[in-house]
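Asks: My questions concern the predicted model and sequence given below.
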Amino acid sequence: MSVYHQARSRSIQLLVLVVFLIILLRLFYLQVIDERYRQLAMDNAVYAKVIYPERGIIYDRKGKAILNNTIIYDLMVTPAEVKGIDTLELCRLLEMDTAEFRKRMIDAIVKNTAVRPSVFRGLLTKELQARFEENGWKFPGFNLVERPLRYYPFGAGAHILGYVREVDGKDIDRSRNFYRQGDYIGKTGLESFYENVLMGQRGVQYMIKDNKNRLVGHYENGDFDTASSAGRSLRTYIDIELQQLAEKLMSNKVGGLVALDPKTGGILAMVSGPNYNPNDLTGTSGSANYSRMVLDVTGPMLNRAIAGRYEPGSTFKPLGGLVALGEGVINPGFGYPCGGRYNACGHGKPACTHAGGGHAANLRLAIANSCNSYFSHIYRMTVDQPKYGSVKKGYLHWREYMNAFGLGVKLGVDLPGESSGNIADTSVYNRENDNRWTSCTNLTLGIGQDKMLTTPLQMANAMAIICNRGYYYAPHFVEKIEGETELDSALVNPYRRKHEVLTGIPDTAYRAVIEGMSDVVKMGTARVAQIPGIEVCAKTGTAENYTILDGRKIKLPNNSMFVCFAPKENPKIAIAVFVQNAGFGATWAGPISRILIEKYLNDTISTRSKADSARISAANLMPAYFKRLQVKEDSLRARQWFKLTKDSSYLKRITRRSIPATPARNKKDQTERAVAWIPENRKTIGTEVALSR
Amino acid sequence: MRQQQGTISKGVDWSICWILIALSTIGMLAIFAATYREGDPMLASWVGFKTDYSKQFYFFLFSILLGFVILLADSKFFPATANLGYAIGILFLLLVFPFHSRIKGTESIIRIGAFNFQPAEFVKIFVALALAKYLSLPDIDFRRTGSQLRAAALVLFPAILCIAQSETGLALVYTSFFLVMYREGLPASIPLIAILGVILVVASILLPPNLLAILLTAGALIALYLLRRTIKRHRGVLTSIILIWFVAVGIQRFAVPFLFKNVLQKHQVERIYDLFGKDNPYRQGTDTLAPAVSLKKKETGSSYNVRQSKIAIGSGRFLGKGLLSATQTRYEFVPEQRTDFIFCTVGEGFGFMGSLILLGLYLLLLFRIVTIAERQRSTFSRAYAYGVMAVLFFHIVVNIGMTIGLMPVIGIPLPFISYGGTSLMTFSILLFILMRLDADRQMVLR
């Protein structure tokens, strides 16, 4: 019988051979031809762990660290390793109840599984951290993880230094996916402008992970790892003591202040009011403070020193004088017979504080007495020059002068969000006046009004141009970058270029203007700025301003302005101070400037200035209308929120401020929902409000 | 004693033994690679009987010992006790029902002391012997349908018991014995019909039911047209064509859906559909998930295993990553990698070359067994040899096929490689009995 089917052994062998061949071909395809699997295995098993470097440190002119790093701790939990702990004791330690404890544990497991660590409680306060460090051994599965945090040792310079926050979708897109979710990025100020310098280089450690995503060791002994390198530090011109003093003087005031070194363009101090302590935005209560500030109608986040647009008023007059001198339409001896108002345009405006007495007999006197007629007149003379043929061409030429002075253009300071102010184009006047206008239409440009808007930074820079007699360096903060690379040079080279914009104006012209400004301090409106032993040159300014509230235009107290530089020979500091709704320039802005000059040049302030300093710091000049505006904004937002979500808790809270409201029936329920839903929305609505200010 | 040893070693084909040792060594290394953790003391872990590879090492030594005991036995012992052995085997399978232990989903394991003991695994030995015995009975005429049915019953009875223990994989192994019957004279039409049946089932999974029905009908009509002359002469041809068409459509339209809906368990249907990369159409209704969730292609357990296993093997490339550098298998991405998915460790660690060598060893073993089978004078020895070969072949093909996505996931071990004492000893005993029988190949055993 066996012989009978002998041939079948061959077919069985053939079957075995064919099946094995199929398996081998499949293996050949999987292992040799198909390339995908190697990458898939890498993705499975290798985790690129990003090592975050320390951000760079920012120093002031004397080498004091004004923005530094500190470490705060997150309490992490690996639920699977938590065994046999005294839950009650832990809860007491962390000041939470057991229900909260259970909720957080469940959250951790849901988010990250039981075997991987997740944040149990973020950003522990110093006290909690100390307490936990002492008792931590009792709680296996819980451990503290360091988290670097930005720290401002002086609590000053919020608007200059800026802050870091976690990147959002836009940042990631803009960086072409260089940043990843969870990274921090400088959002404003120097933190943002010098992000590439400060952030350092991220390192990558390739770690092997197992099927539960636990890291079990280094991949290939770390051969592919790259080390992280710390962010490089910045040396700035900021004088932190001066900055602190300036912030103190500007507290509870709306406005902007810039002090710079005219020789280098280095900014010594810059304050925007209202101000805030930059440390408020870091650490445990950072998010809460951020939301609050963003919704504040006074706009504490707005840097008014570079983005506030103000009519310069009389502080513009020295510039007007220089333009006329530079154009040769007048000489320093030119006088105007002002009788108390300017009548050449037929409407008797503008009026002048002085009448007759030769108060505008020459340029120096006109500056010292701040004669409106004189400067309106020389503005007209400048733009009406016969050689230009028409007022429009003349105006365009005048506008070029303004741009040369840095007005109506961005100066390129190393902060984001700078405004260019406003020097209107002829097209604006053409449109508004049916294409027919004369120098009378906008003659108040000569006294820094009409459509002219400047920032405090621009005015401080204009002072620098005057005292430098025609040149300036673009105002900036950073003097030196540690280990400067070519890329960094591209960033800071614009600040090393000397802008010789107005050196064509003869020296005599500058001398006349500077003498005039000196007279302002000696015997004019800025006598308050006199400092024994230092010759200060200054110009005061006062501008009317209005706001629209409840649909009505209301007049607000005048803006107080003061520009100056000192000493007269070899100037070392130029200052522009704008205080909104504070009254005369000499009342608030003047003394502030004087105190700062004393501090900077003498390193100490006189007893008189100390008294002034105390008086000014204590004064609250916040305009009263803000309060009403805040309620209005809040109620509008609450209404919008109600429309979107049908959640009336915010509306009720607003009405409760003025009208005693009946308590909500299920109050607890509503607040919880609000907490869960509000933050994101609140932010966006709030930001719009803050920026439109 | 010495005299006996001398007579035994005379006719023994040692090549089988060497292949067995080589394969077992590869197996222990693979288990070592899959379970060794950095920092474990090397020697202590190998001899300590704590780790899996250490246990496998002792199982291996025990198997060799057992093998020499078998070689010492009288070759007549095996045909003589074959029927008794079969009875004992069935008894063990029945004993499982009251005494099985609760180990992840299976009901086929008896626990004795520290050892888990799986009768379904080693009953193969008794079935192989009993089948050989039946086929070698002097008065048997295997051309008769009655004998064929009796042989089939002999093989399928333990298979049914295995299914009752939720060990479908081990049950399917018994179908491999049809290869033995084929060799001993089962009509060639039977495997042909089986193959056609499998093709029909696969086709009804892959093709929409209506399309397949139309194709089958068209095929029948073409056959009628081509055979129209023959049909005129023999009416029987017409009847058989219509009958075949009727049965085929019946299987496709009713039997397959019935099989998937009512006979097979849900996870088995899932695995079959995973193999073809299709969504299981029989899932809805029993699915408790919300429709929105089930709309997404859900990754089932078995498709995860197979995907990870393919990644492991595929990432091995040509030469492999090296024994302890295989990330997929070292870090537990592939479940069951010590047992059913052990081939991943070989594929990832040693690449295509390693897989080729392993398959080469298996091929060598199978061909060697066929050669040995064909040189036997006694039908018992030959039928037994083919039984061993068939069981090994089935295990190898199904196991490796499953790890590379050619076969549905069926939990059966890879001979000599997979971790597991029962499995290793079963295959060793099968081979040693073969060697013992082969040593007396000149003898006619009844």
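Replies: Yes, it's here.
Asks: Need the mean per-residue confidence for stretch B:432-446.
Replies: Taken as a whole, stretch B:432-446 has an average pLDDT of 82.
Asks: quick one: it near chain A?
Replies: No: using C-beta under 8 Å from any C-beta of the partner chain, stretch B:432-446 never reaches chain A; the gap is at least 11.1 Å. Placement of C-beta: from N, CA and C, glycine included.
Asks: Once you drop chain neighbours, what's closest to the residue in chain A that chain B sits nearest to?
Replies: Going by C-beta to the nearest C-beta, chain B is nearest to residue A:37 of chain A, at 2.6 Å. In space, residue A:37 comes closest to residue B:314 once its chain neighbours are excluded; the distance is 2.6 Å by C-beta to C-beta, 6 or more residues apart in numbering or on different chains.
Asks: just residue A:463 next, same as before
Replies: Spatial nearest neighbour of residue A:463, chain neighbours left out: residue A:574 (3.9 Å); criterion: C-beta to C-beta, 6+ apart.
Asks: swap in residue B:252?
Replies: Once flanking residues are discounted, residue B:252 sits nearest to residue B:204: 4.4 Å by C-beta to C-beta, 6+ apart.
Asks: Surely that neighbour is in contact with residue B:213?
Replies: No: contact criterion C-beta atoms under 8 Å: residue B:204 and residue B:213 do not qualify, at 9.4 Å.
Asks: So these two - more neighbours on which side?
Replies: It is residue B:204, of residue B:204 and residue B:213, that has more neighbours when counted by other C-beta atoms under 10 Å in any protein chain shown, with 23 against 16.
Asks: can you tell me the helix or strand for that one?
Replies: Here residue B:204 sits within helix B:189-206, counting by DSSP states H and E.
Asks: And for that helix, what's in contact with it?
Replies: B:178, B:182, B:212, B:248, B:251, B:252, B:256, B:272, B:273, B:276, B:278 (C-beta atoms under 8 Å, 6 or more residues apart in numbering or on different chains).
Asks: Make a ChimeraX selection of whichever of those residues turn out to be buried.
Replies: A single ChimeraX command is used to select the members of the contacts of helix B:189-206 judged buried by 16 or more other C-beta atoms under 10 Å in any protein chain shown:
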select /B:178,182,212,248,251,252,256,272,273
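Asks: Tell me which of the contacts of helix B:189-206 has the lowest pLDDT.
Replies: Ranked by pLDDT, the contacts of helix B:189-206 bottom out at residue B:278, which has 70.
Asks: So what's the residue count around residue B:54?
Replies: 19.
Asks: Now do the same for the residue of the stretch 201-350 of chain B found nearest chain A: its pLDDT.
Replies: Proximity to chain A, evaluated over the stretch 201-350 of chain B using C-beta to the nearest C-beta, is greatest for residue B:314 at 2.6 Å. In this model, residue B:314 is scored at 83, pLDDT.
Asks: Was I right to think it contacts residue A:33?
Replies: No: contact criterion C-beta under 8 Å: residue B:314 and residue A:33 do not qualify, at 9.6 Å.
Asks: Name the residue in the two with the higher neighbour count.
Replies: Using other C-beta under 10 Å, the more surrounded residue of residue B:314 and residue A:33 is residue B:314, with 26 against 9.
Asks: Let me see the contact set for the more buried one.
Replies: A:30, A:31, A:34, A:36, A:37, A:38, A:40, A:41, B:347 are the contacts of residue B:314 under C-beta under 8 Å, 6+ apart.
Asks: related to what we said a few turns ago, could you check how far the residue nearest to residue B:252 is from residue B:273?
Replies: Separation of residue B:204 from residue B:273 (C-beta to C-beta, to the nearest Å): 12 Å.
Asks: picking that back up, from the contact counts, what lies against the host helix or strand of the residue of chain A closest to chain B?
Replies: In the assignment (DSSP H and E), residue A:37 maps to helix A:36-45. When contacts are defined as 3 or more C-beta pairs under 8 Å, 6 or more residues apart in numbering or on different chains; DSSP states H and E, helix A:36-45 packs onto helix B:301-314, helix B:327-330.
Asks: Could you list the low-pLDDT ranges of chain A?
Replies: By pLDDT under 70, the low-scoring segments of chain A are A:1-4, A:43-45, A:48, A:181, A:209, A:211-216, A:220-225, A:585, A:655-693.
Asks: so how far is stretch B:157-167 off the chain centroid?
Replies: Chain-centre distance of stretch B:157-167: 14 Å, with C-alpha atoms, centre = their mean, to the nearest Å.
Asks: May I see the buried residues of that stretch?
Replies: Buried positions in stretch B:157-167, judged by neighbour count with 16+ other C-beta under 10 Å: B:158, B:159, B:161, B:162, B:165, B:167.
Asks: Export that stretch to PDB, keeping only CA atoms.
Replies: The C-alpha coordinates for stretch B:157-167 follow below in PDB (Å, rounded to 0.1, in the frame of the first residue of the first chain):
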ATOM      1  CA  PHE B 157     -13.000  13.900  18.600                       C
ATOM      2  CA  PRO B 158     -10.100  15.400  20.700                       C
ATOM      3  CA  ALA B 159     -10.400  18.500  18.500                       C
ATOM      4  CA  ILE B 160     -14.100  18.900  19.500                       C
ATOM      5  CA  LEU B 161     -13.000  18.600  23.200                       C
ATOM      6  CA  CYS B 162     -10.400  21.300  22.600                       C
ATOM      7  CA  ILE B 163     -13.100  23.600  21.200                       C
ATOM      8  CA  ALA B 164     -15.200  23.000  24.200                       C
ATOM      9  CA  GLN B 165     -12.200  24.200  26.300                       C
ATOM     10  CA  SER B 166     -12.100  27.500  24.200                       C
ATOM     11  CA  GLU B 167      -8.800  26.300  22.600                       C
END
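Asks: Outside of stretch A:14-30 itself, which residues are in contact with it?
Replies: For stretch A:14-30, contacts defined as C-beta under 8 Å, 6+ apart pick out A:37, B:310, B:313-314, B:347, B:352, B:355-356, B:359, B:362-363, B:366-367, B:370, B:393, B:397, B:400-401, B:404-406.
Asks: Any quick PyMOL command for the buried ones out of those?
Replies: Here is the PyMOL command that selects the buried residues among the contacts of stretch A:14-30 (16+ other C-beta under 10 Å):
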select buried, (chain A and resi 37) or (chain B and resi 310+313+314+347+352+355+356+359+362+363+366+370+393+397+400+401+404+405+406)
